[in-house]
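Asker: Test case, fold it:
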Amino acid sequence: MGGADARRAAGPTRPDERVRGTGPPTSPALDRFGNGPVQGHAQEKGRSPPDPPSRPATGARRGSSTTRCWRPRKETGSRRRACWGSKARRSATPCRSASGTWWSSSTSNELCDNKIEEGKLISAKTIRITTIVENSTSVAGVLAEWGISVFIEAGEKSFLLDTGASDVMVRNADKLTIDLKKTEAVILSHGHFDHTGGLPAVLERIGRSDIRIVAHPEVLGRKYSYNKKKSIYRYAGIPSCRDRLESWGGRFEFSTAPVWLSEDIAASGEEPLTTEFEAVADNLCLKEGEQFVQDPMSDDQSLYIRTDLGLIIILGCAHRGMINIIRHAKELMDTDRVYMVIGGTHLGPASQGQVDKTIQALREMDVAWLGVSHCTGLPVAAKLAREFEGRFFFNSAGTVIRFPYTDSTVKRPGS
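Answerer: Numbering: from 1, shown residues only. All right, here's what the predicted structure looks like:
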């Protein structure tokens, strides 16, 4: 076992281990609206993720035995999507599937070379998004919990982004009459407890032996948060070890690259940092041996849905920056129209300067609807509500969104 693997395999000595420290860690023509703390078991015994496969040799010809993904050119009357969606990387770019395999367009049309006729994007009318867990609730009988979990239904497909912090997620799903057994894949936005703590209950409820868990390889890292006032490091990672999760039927699929879940739905993979005003919070850290270092939150990812109304972006916590993520989504999904952004923005602990620049960028991007949750925090959420009056809503536990969205399309059971 290598040094990095050994560090990941070792966790805190107690489920809620706290370590005192002396300082922070080192180092078509529609308008835009479309009308017309920490509990659980430490992950000290989890198996470390596999190392990524070696990159194929460069210069391979299309159709050769070397697994290389080539970017097709745009064609008249249609458009092709391949791997990353980056206009700046139209040359050969390798693509890795969730299982860690490098694919070429000749070996995996599903992942690398999908042809999508214009006008054939997924209809937003077939999509329903339900927030199962969030810090607040406006539905009687639905519990609030620090964390987030969002259930996405797109036609006959169903996906779950995050699981909240505990089995509250399953209880709320029952109250909201959501059949979790229909879940095709669980996508983890990152490895913090308030997004992964409900995994055991979710896996048990789904009840299969091959439940896909799509995540970044670093999701199992030994994650901590640092309390600057008390000089305490507190474990903040996944409460359950990998072995136990797999014994309940979970099958981890690690990928740093985007993972296409369907024709127009993708887990973002690693999100690049491109803005000058967004950065990962400096109180988030990893434990390497006995040392704490800055956590770059490389495992942070979101869910992108490309529809006939525009992009729907579902955030977990947006640790790597809300605007960074929207930029990445537009590039990957090859569209400039952003219809809706929902979920945690991590603007709660952000500086006033970052909040102001984020608001300015959202205006420039002309985001049609904004529904924030979780780590946005009430003061910033209230500010966003004022700044985006008429196109803002609080996305709390029990919120059910149908499209095209208007305030009246939010359905709350019992209301």
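
Asker: just the strands in the stretch 51-200 of the chain please.
Answerer: Remark: strands assigned in the stretch 51-200 of the chain by DSSP state E, counting those that start in this stretch are 78-81, 95-96, 102-103, 114-117, 127-133, 149-154, 157-161, 185-187.

Asker: Now do the helices in the stretch 301-415 of the chain.
Answerer: Secondary structure of the stretch 301-415 of the chain (DSSP state H, counting those that start in this stretch): helices at 322-332, 352-365, 378-387.

Asker: who touches the first one?
Answerer: To tie it back to what came earlier, the one meant is helix 322-332. If you take CB atoms under 8 Å, 6 or more residues apart in numbering as the criterion, helix 322-332 is touched by 84-87, 258, 266, 268, 271-275, 278, 302, 304, 311, 313, 315, 318, 336, 338, 341, 345-347, 357-358, 361-362, 365, 367. In short, each C-beta sits where N, CA and C put it, glycine included.

Asker: wait, residue 220 sits on residue 190?
Answerer: No. Counting by CB atoms under 8 Å, residue 220 stays clear of residue 190, with 11.0 Å between them.

Asker: list residues touching both of the two?
Answerer: Both residue 220 and residue 190 lack any common contact, where contact means CB under 8 Å, 6+ apart.

Asker: Show the buried residues in the contacts of helix 322-332.
Answerer: Burial by neighbour count, 16 or more other CB atoms under 10 Å: within the contacts of helix 322-332 this picks out 84-85, 258, 266, 268, 271, 275, 278, 302, 304, 311, 313, 315, 318, 338, 341, 345-347, 357-358, 361-362, 365, 367.

Asker: How many residues are close by the nearest residue to residue 222 once chain neighbours are set aside?
Answerer: Of all residues not flanking residue 222 in the chain, residue 287 sits nearest, at 4.3 Å (CB to CB, 6 or more residues apart in numbering). Residue crowding around residue 287 was assessed by other CB atoms under 10 Å; the count is 24.

Asker: Remind me which helix or strand residue 287 belongs to.
Answerer: strand 284-288 (DSSP states H and E).

Asker: partners of that strand, with directions?
Answerer: strand 223-227 (antiparallel), strand 291-294 (antiparallel) (DSSP bridges).

Asker: With only the CA atoms kept, save that strand in CSV.
Answerer: Presented in CSV, the C-alpha positions along strand 284-288 are these (Å, rounded to 0.1, in the frame of the first residue of the first chain):
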residue,chain,number,x,y,z
LEU,A,284,-11.3,22.7,5.1
CYS,A,285,-8.4,20.3,5.4
LEU,A,286,-7.1,16.8,4.9
LYS,A,287,-5.2,14.8,7.4
GLU,A,288,-2.0,13.3,5.9
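
Asker: returning to that earlier point: want to throw the helices of the stretch 301-415 of the chain into TSV with distance to residue 394 and mean pLDDT?
Answerer: Output for the helices of the stretch 301-415 of the chain, formatted as TSV (distance: least, CB to CB, whole Å; pLDDT from 0 to 100):
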stretch	distance to residue 394	mean pLDDT
helix 322-332	16	97
helix 352-365	16	94
helix 378-387	6	92
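
Asker: Need the winner for burial among those.
Answerer: Counting by mean count of other CB atoms under 10 Å, helix 322-332 has the highest mean neighbour count of the helices of the stretch 301-415 of the chain, with a mean of 23.

Asker: what's near enough to touch residue 272?
Answerer: Residues counted as contacts of residue 272 (CB under 8 Å, 6+ apart) are 324, 328.

Asker: try residue 160
Answerer: Counting by CB under 8 Å, 6+ apart, residue 160 touches 149-152, 180, 183, 185-187, 202.

Asker: so what pLDDT did it get?
Answerer: Per-residue pLDDT puts residue 160 at 98.

Asker: Just list whatever residues bridge to it.
Answerer: Residues in a beta bridge with residue 160, per DSSP bridges, are residue 151, residue 186.

Asker: Would you mind measuring from it to residue 170?
Answerer: Applying CB to CB, to the nearest Å, the value for residue 160 to residue 170 is 11 Å.

Asker: Common neighbours of those two, please.
Answerer: Between them, residue 160 and residue 170 share these contacting residues under CB under 8 Å, 6+ apart: 180, 202.

Asker: returning to what we had before: can you pick the most crowded of the contacts of residue 160?
Answerer: Of the contacts of residue 160, with other CB under 10 Å as the count, residue 149 tops at 30 neighbours.

Asker: wait, that one sits on residue 167?
Answerer: No. With contact defined as CB under 8 Å, residue 149 does not count as touching residue 167 (11.3 Å).
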